[in-house]
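[1] model this:
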Amino acid sequence: EQQLYFVNGLGMPNGKASVPSMLWYASKNSLAVFALTTDRRPKENTPLYFAPFFNIYEDGKVCMGTVSIDIKNSASVEEFTTAWEDYFFNSYFSHLLGKQNPIKGNCVSLWKKLIETSEAFPKDVLKKNNKTLKNLL
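    Predicted coordinates for the structure are as follows:
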């Protein structure tokens, strides 16, 4: 389970919810995230899905809003990874970006239900984005 924060305007409580397996694609200054349908380590041809969160563009890039990114050049892989996870999950999710809904269904209703019930994330709501790991590399 992952602690999630939402702006008041979404009408959702902050809380813990199950999230899908994720692929993180980060540089020192930017982050893109994608969802996976299995917990297995992805291969070049593993299909990627839209990450089912707010504040993410259609290409997977995360809009960090007012979050100030400060990752040291000397950061180890562990520090780098932890820093991005903190930036992503400790910021407030506020709105969907672009014209596309990242899931099959209502994103607000989904997260509200997952926080209220502690159910496992339903992988059947994930939408393929026609990319694979190979497309990112």
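[2] so Y5 makes contact with F93?
    Yes - using C-beta atoms under 8 Å, Y5 is in contact with F93, at 6.7 Å. For every residue, glycine as well, the C-beta is placed using N, CA and C.
[3] out of these two, which sits in the busier spot?
    Set Y5 next to F93 and count neighbours by other C-beta atoms under 10 Å: F93 wins out with 22 against 14.
[4] Next one: the more buried one from P13, what distance?
    Using C-beta to C-beta, to the nearest Å, F93 is found at 12 Å from P13.
[5] shared neighbours, those two?
    Counting by C-beta atoms under 8 Å, 6 or more residues apart in numbering, the residues touching both F93 and P13 are F6.
[6] ok, L114 - contacts?
    Going by C-beta under 8 Å, 6+ apart, L114 touches 17-18, 121.
[7] For this protein, give the helix that spans the most residues.
    helix 77-89 (DSSP state H).
[8] What is the distance between the helix or strand following it and the centre of its chain?
    As assigned by DSSP states H and E, the chain's next helix or strand after helix 77-89 is strand 92-93. Relative to the centre of its chain, strand 92-93 is centred 11 Å away, using C-alpha atoms, centre = their mean, to the nearest Å.
[9] which helices and strands does strand 92-93 pack with?
    Contacts defined by 3 or more C-beta pairs under 8 Å, 6 or more residues apart in numbering; DSSP states H and E place strand 92-93 against strand 2-6.
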